[in-house]
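Participant: Sequence first, then the predicted structure, then my questions.
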Amino acid sequence: MKRSLPLAIVFIGGVVFFISYFVPHYISEEILQRQIMVEWIKVISLFAFVIGLYSLIHLHVNKIKRKVDNWQYSILTLSGIGVMFIVGILLPEKFNGGIQQGSIYDWIFMNLQVPLQATMFSLLAFYITSAAFRAFKARSVEATCLLLAAVVVMLGRVPLGETIRSITQGFLDFPKWTQWILDVPNTATKRAIMLGVALGMMATSLKIILGIERSWLGGSE
Amino acid sequence: MKKFFLNIVNLDRRWIFLMVAIVVSVPLFIPSNPPIVPARPVQELYDFIDALPEGSTIMVCFDYSPDSLAELNPMGRAICRHAFSKDINVIGMAFAWPSGSGLGQEVVSSAAKEYDKVQGKDWVYFGYKVGFAQMIIGMGKDIVKTVQADYRGESLKNMELFQEVKNYDDVSIVIVLAAGGTVQTYIYFVNTMYNRPVSAGVTAVMAADYYPYLQTGQLIGLLNGMKGAADYEKLINIKGLGTRGIPSQNWAHIMIIILIVVGNIAYLLEKKQTK
Amino acid sequence: MAFWSVFGTILAALATLAIFSFLYKDNPFYRSAEHIMIGLSVGYGLGQLWHLGFKQFLFDPLFKEARYELLIPTAIGMLYFGFVHPKTRWLIRIPIAILMGIMAGFGLGPGMQASIFKQVQGTIIPLFRYGLTVGETFSNILLIVGVFSAIVYFFFSWKHKGVVGGVAKVGIYFLMIGFGASFGLTVMGRISLLIGRIVFLFQDLPKVLFGG
């Protein structure tokens, strides 16, 4: 029951909805696709997020309770969630509550979350430069191909490429070479990878529907 | 000289960090007008939107969070401004990530304000909705029934725009600004299932992966990173973040190429020495 | 309003600097900023989920429009709460099974069409045709050779020896050029993100603080 019921649901859902894609009938389009797939699944998905939130809060509360290393920072995380919960959900709109433009929630998002998140990812610029300097070496013919393609693309995507083209009167045309690399060898390799990934996904989907792939069921129970 | 190259590879990485910061910052203080020549895929999207008749509707999907803001926000701004300047209606949404919701709202509403566009008639913003793929599939049948209400919670039923726009058949193109793999979902359902045009503006990191879709015509045009945004800004003749950032991008690339060359010389010298 | 705008911009600058401080070394300012970011990010999602999810798709249709059929997905969704107790934990598999079954089945058709059939079709291109330039013919040949050889490289059922080994080797060169292009663009993307913050610090921030 604990394993066979979910496996039966996956099988029936998979087969029925696979067929429904190809059958333009009222039952398939209105009931299966619109009513069940769109309306109902939206509601089911809502609860999945609640579980995610529960897990995160549980993790940080435990850290604080057990006073593990750096537990103080967990208070900040929980405070962040709490503040947004209060101003976004509990606080009435007449006190600038809610999620609309101009609300406290929106102000915190724009002035704190946006700069924090944007800066966090901008750190990668420093690390990729350092990595390129230390590790990007022409150790073999293959590595040289990679290095040359990268350098051509880096030059072709910035105004320096245009300037070199003008100076050499079109002889060293980095922007054109860049576009060609992206359009031909890059397209060819990405397509080969895509075909492999797509076939793998199809195979995995079929294995899930047919109950061959069961790792998603979790533990042995 | 040889000693210099052999020692430089052991340089504390914080010196390299400092160099990056200087090289990116200094060009912002020096007025310059670097040549920006729009790439072909950017021109394709521009031409498509430019050829749309007045009163057409486009969808712009803000599938990114603040971490990719520098690359994708200027694209969104440029596309919305282009559309509004041609009296094309814009439907904005951010179904993929909740954190894209506020960013998209700011981009669409500020562009609409600039061109005196009326919410509900000339533009609508849906914001975030749960059930990403389901929403995309559902909108192909009935936008109002699927989405139900806009970002403010107002029902779409009575909005002027949705008296005309029922589903994707009434939308000229769906433009996806994405920092993740969501473009594929739109290609699967909007393009393949409903046979409607899809275009994309993506972060430079993932841009190379979408060229196969460009070659098959599954994507109409492709905006690639900050340069893609700068190209589009050039085409509509505005100076947004994309254009402002290009001089810094230029010098940063030059520095990185020099660093790669220096690193390789050091590597060759080291190899020769060990032999 | 102006005060809040200026204060917000100063706060944003401080947040930016707190994260940048990590470049020197790990420190409490960075750690605090990092944890606040996670909390705010989750809290922001919660607000969106409540107003644009629970309210719009569940409570309003259920209580204002009396669409009681939505109680069925609600009941299914609530099975997720089985997660909290070991004895009921298996119940979580039911909503997961519904989501996985439906999306795996429905996604098969368009997935095959978009990522396999259309891609194969895009590789069946003319090598010689009236009006095709030498350069275009050369590119088309390279595209076909590139796709084929890269696929052979990823085909591990045959040993990469002899002809297969040779073709796989060609595939490696194509792959390296493709990855090189990706790396070049990755560098560009990462630098762009930094430019966004530097433009904020050196152009937008002074404008808000000192006008102009």
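Facilitator: Cool, got the structure.

Participant: what's near enough to touch residue C:12?
Facilitator: Applying CB atoms under 8 Å, 6 or more residues apart in numbering or on different chains, one finds that residue C:12 lies in contact with A:110-112, A:114-115, C:200, C:205. C-beta here means a position set from N, CA and C on the backbone, and glycine is covered the same way.

Participant: of the residues you listed, the lowest pLDDT goes to which?
Facilitator: Across the contacts of residue C:12, the smallest pLDDT goes to residue C:205, namely 92.

Participant: Tell me, how many residues neighbour the residue nearest to it when sequence neighbours are not counted?
Facilitator: With CB to CB, 6 or more residues apart in numbering or on different chains as the measure, residue C:13 is the residue that lies nearest to residue C:205, at 5.3 Å, once sequence neighbours are left out. Other residues near residue C:13 come to 19 when the count uses other CB atoms under 10 Å in any protein chain shown.

Participant: Secondary structure element for residue C:13, which one?
Facilitator: With the criterion set as DSSP states H and E, the secondary-structure element containing residue C:13 is helix C:2-20.

Participant: again with residue B:90
Facilitator: Counting by DSSP H and E, the secondary-structure element that holds residue B:90 is strand B:89-93.

Participant: Low-confidence stretches in chain A?
Facilitator: Within chain A, the segments meeting pLDDT under 70 span A:219-221.

Participant: Report the closest residue of it relative to chain C.
Facilitator: residue A:80 (2.0 Å; CB to the nearest CB).

Participant: Give me the outermost residue of chain A relative to its centroid.
Facilitator: Of all residues in chain A, residue A:169 sits farthest from the chain's C-alpha centroid, using CA atoms, centre = their mean; the distance is 42.9 Å.

Participant: Point me to the helix or strand that includes that one.
Facilitator: Per DSSP H and E, residue A:169 falls between elements, in no helix or strand.

Participant: these two touch, right, residue C:198 and residue B:24?
Facilitator: Yes - contact criterion CB atoms under 8 Å: residue C:198 and residue B:24 qualify, at 5.2 Å.

Participant: List the residues that are in contact with both of the two.
Facilitator: Taking CB under 8 Å, 6+ apart as the contact rule, residue C:198 and residue B:24 both touch residue B:248.

Participant: Residue A:214 touches residue A:10, doesn't it?
Facilitator: No - Residue A:214 is not in contact with residue A:10 according to CB under 8 Å; the separation is 9.5 Å.

Participant: Okay, domains of chain C per the record?
Facilitator: Following automatic domain parsing, one finds the domains of chain C at C:1-66, C:68-124, C:128-212.

Participant: JSON lines please, covering those and showing distance to residue A:27.
Facilitator: Written out in JSON lines, the entries for the domains of chain C read as follows (distance: least, CB to CB, whole Å):
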{"stretch": "domain C:1-66", "distance to residue A:27": "22"}
{"stretch": "domain C:68-124", "distance to residue A:27": "15"}
{"stretch": "domain C:128-212", "distance to residue A:27": "40"}
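
Participant: Tell me which of those domains lies nearest to residue A:139.
Facilitator: domain C:128-212 (12.0 Å; CB to CB).

Participant: about what we covered before: parallel or antiparallel, list what pairs with the strand holding residue B:90.
Facilitator: Using DSSP bridges, the neighbouring strands of strand B:89-93 in the sheet come out as strand B:57-63 (parallel), strand B:123-125 (parallel).

Participant: could you dump those to TSV with mean pLDDT and mean neighbour count?
Facilitator: Below are the strands paired with strand B:89-93 laid out as TSV (pLDDT from 0 to 100; neighbours: other CB atoms under 10 Å in any protein chain shown):
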stretch	mean pLDDT	mean neighbour count
strand B:57-63	97	27
strand B:123-125	97	25
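
Participant: Between these, which one is closest to residue C:209.
Facilitator: For residue C:209, the closest of these is strand B:57-63, at 28.8 Å, according to CB to CB.

Participant: what's the next secondary structure element after the closest one?
Facilitator: Past strand B:57-63, the next helix or strand by DSSP H and E is helix B:69-85.

Participant: ok, residue C:108 - contacts?
Facilitator: The neighbours of residue C:108, taking CB under 8 Å, 6+ apart as the test, are A:18, A:21, A:202, A:205-206.

Participant: Actually, residue B:164.
Facilitator: Taking CB under 8 Å, 6+ apart as the contact definition, residue B:164 lies against B:57, B:170.

Participant: What distance do you get for it to residue B:156?
Facilitator: When distance is defined by CB to CB, to the nearest Å, residue B:164 is 12 Å away from residue B:156.

Participant: returning to that earlier point: tell me which other helices or strands the next helix or strand after the strand holding residue B:90 touches.
Facilitator: Later in the chain than strand B:89-93, the nearest helix or strand by DSSP H and E is helix B:100-114. With contacts taken as 3 or more CB pairs under 8 Å, 6 or more residues apart in numbering or on different chains; DSSP states H and E, helix B:100-114 sits against strand B:57-63, helix B:69-85, strand B:89-93, strand B:123-125.

Participant: quick one: buried residues of the second one?
Facilitator: It stands for helix B:69-85. Of the residues in helix B:69-85, B:69-84 count as buried by neighbour count, 16 or more other CB atoms under 10 Å in any protein chain shown.
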